[in-house]
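S.K.: need a structure here:
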Amino acid sequence: MKIDWQPSASVETLKRRAQLLADVRLFFAEHEVLEVETPVLSSAAPTAPYLDSFQTDFIPLGSQDKHTFYLQTSPEFAMKRLLAAGSGSIYQIAKVFRNGESGRQHSPEFTMLEWYRPELTLFQLMDEVNDLVQQVFNLPAALRFSYRGIFELFCKFNVFNCSDDEIRSFAIKRIIGLPEDLEVKRDGWLELIMSYVIEPRLAAMNMSVFIYDFPASQAQLAKVTQDNSGNKVAKRFELYAGGMELANGYDELLDAEELRQRFEDDNQQRELQNKPRMPIDENLLAAMESGLPQCTGVALGLDRLMMLMLNKQNINAVKTFKFEQS
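M.R.: I've put the predicted structure just below:
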């Protein structure tokens, strides 16, 4: 059997990747944001039902005891502990791992740029993301739409007023191949519509787009507030370009008890999906209880950004070796 040992990216692409990483670091140096490194392994893991972590066992020399650790899906929890310790603005270029994710835009191992800004509001952070992707990656300036606005533009319904049945009926009619007996919750239908109806339209616009004010049920680790119409919304945004989601930003939740409850709710959902419960990060919750400062944060997929800038159609074309060659 012939072994394919060659890099999946060309040497020229790897040189451009190295320069882009240097440019990212220069951007943050000019903005006086501190680069940090945090552990890749953790004794806890994200509880979100849509994330599956790789796990491994640590066995101390001379012992039969196994201690389970998880590869990070994001450096978020450890970085928030640094914020609580008084680090100020920080960023990290981190290897992250997500079990099961594979495809043209996905890899089980990829590179994430994540940063936190105690000084910035959510919209100011959107401005900074916009500056980064324009200056370093030559993307066009991004337009801004609320979640409600983007659904009204492309789907002609108000996500906060329509019923679950109306959303389901729209999805079944507009998404080819969906079985009519498919059973998912309201947010599941909205996510399907976003992926198969709205994202292709965004790609056709040939520009960058921020979407903000997500439904409160999609808050994840963001604060919840009310929009101008009195709807409960999550203080978070996503950046799209080239038909891909590139970044996810939050006005970070500061309440440790609220976050613990969200973790517990997530684990209940995991059990309903026949997934294992994940250990809650008590270090993060203790740090939050001691005083996580008001801050905003964003995680950005560097590999996808490089795909766009270098006009590559597959994530493997910007990675040194594809996952199958690991």
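
S.K.: When you work out contacts or count neighbours from here on, use the C-alpha atoms and nothing else.
M.R.: Will do.

S.K.: ok, and what's touching stretch 306-322?
M.R.: 6-10, 13-14, 17, 104-107, 137-139, 242, 303-304 (Cα atoms under 8 Å, 6 or more residues apart in numbering).

S.K.: For PyMOL, what selects the buried ones among these?
M.R.: Selection of buried members from the contacts of stretch 306-322 for PyMOL, criterion 16 or more other Cα atoms under 10 Å:
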select buried, resi 7+8+9+13+14+17+106+107+137+139+242+303+304
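
S.K.: Buried residues in stretch 289-307, which are they?
M.R.: Buried residues in stretch 289-307 (16+ other Cα under 10 Å): 291-307.

S.K.: whoops, I mixed them up, stretch 132-152
M.R.: In stretch 132-152, counting by 16+ other Cα under 10 Å, buried: 132-133, 136-137, 139-140, 142, 144-145, 147-151.

S.K.: Filter those down to the ones in strands?
M.R.: Arg144, Phe145 (DSSP state E).

S.K.: what would the buried residues of stretch 132-152 look like in JSON lines with distance to Glu180 and pLDDT?
M.R.: Shown next, in JSON lines, are the buried residues of stretch 132-152 (distance: Cα to Cα, whole Å; pLDDT from 0 to 100):
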{"residue": "Leu132", "distance to Glu180": "43", "pLDDT": "97"}
{"residue": "Val133", "distance to Glu180": "40", "pLDDT": "96"}
{"residue": "Val136", "distance to Glu180": "45", "pLDDT": "95"}
{"residue": "Phe137", "distance to Glu180": "42", "pLDDT": "94"}
{"residue": "Leu139", "distance to Glu180": "39", "pLDDT": "92"}
{"residue": "Pro140", "distance to Glu180": "39", "pLDDT": "91"}
{"residue": "Ala142", "distance to Glu180": "36", "pLDDT": "95"}
{"residue": "Arg144", "distance to Glu180": "34", "pLDDT": "96"}
{"residue": "Phe145", "distance to Glu180": "31", "pLDDT": "96"}
{"residue": "Tyr147", "distance to Glu180": "26", "pLDDT": "97"}
{"residue": "Arg148", "distance to Glu180": "25", "pLDDT": "96"}
{"residue": "Gly149", "distance to Glu180": "27", "pLDDT": "96"}
{"residue": "Ile150", "distance to Glu180": "25", "pLDDT": "96"}
{"residue": "Phe151", "distance to Glu180": "22", "pLDDT": "97"}
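
S.K.: which one of the buried residues of stretch 132-152 is nearest Gly230?
M.R.: Nearest to Gly230 among the buried residues of stretch 132-152: Arg148, at 12.6 Å, using Cα to Cα.

S.K.: Is the closest one in contact with Asn158, as I believe?
M.R.: Yes: with contact defined as Cα atoms under 8 Å, Arg148 and Asn158 form a contacting pair (6.2 Å).

S.K.: Kindly state the pLDDT recorded for Leu284?
M.R.: What the model reports as pLDDT for Leu284 is 98.

S.K.: Surely it and Pro75 touch.
M.R.: No: counting by Cα under 8 Å, Leu284 stays clear of Pro75, with 11.6 Å between them.

S.K.: These two: who's more crowded?
M.R.: Pro75 (26 against 23; other Cα atoms under 10 Å).

S.K.: Please pull out the lowest mean pLDDT helix or strand from the chain.
M.R.: In the chain, no helix or strand scores lower on mean pLDDT, DSSP states H and E than helix 199-205, which sits at a mean of 90.

S.K.: so what does that one touch, helix or strand wise?
M.R.: If you count contacts as 3 or more Cα pairs under 8 Å, 6 or more residues apart in numbering; DSSP states H and E, helix 199-205 packs onto strand 232-241.

S.K.: so what strands line up beside the strand it packs on?
M.R.: Within its sheet, strand 232-241 is paired with strand 209-215 (antiparallel), strand 224-226 (antiparallel), strand 244-251 (antiparallel), according to DSSP bridges.
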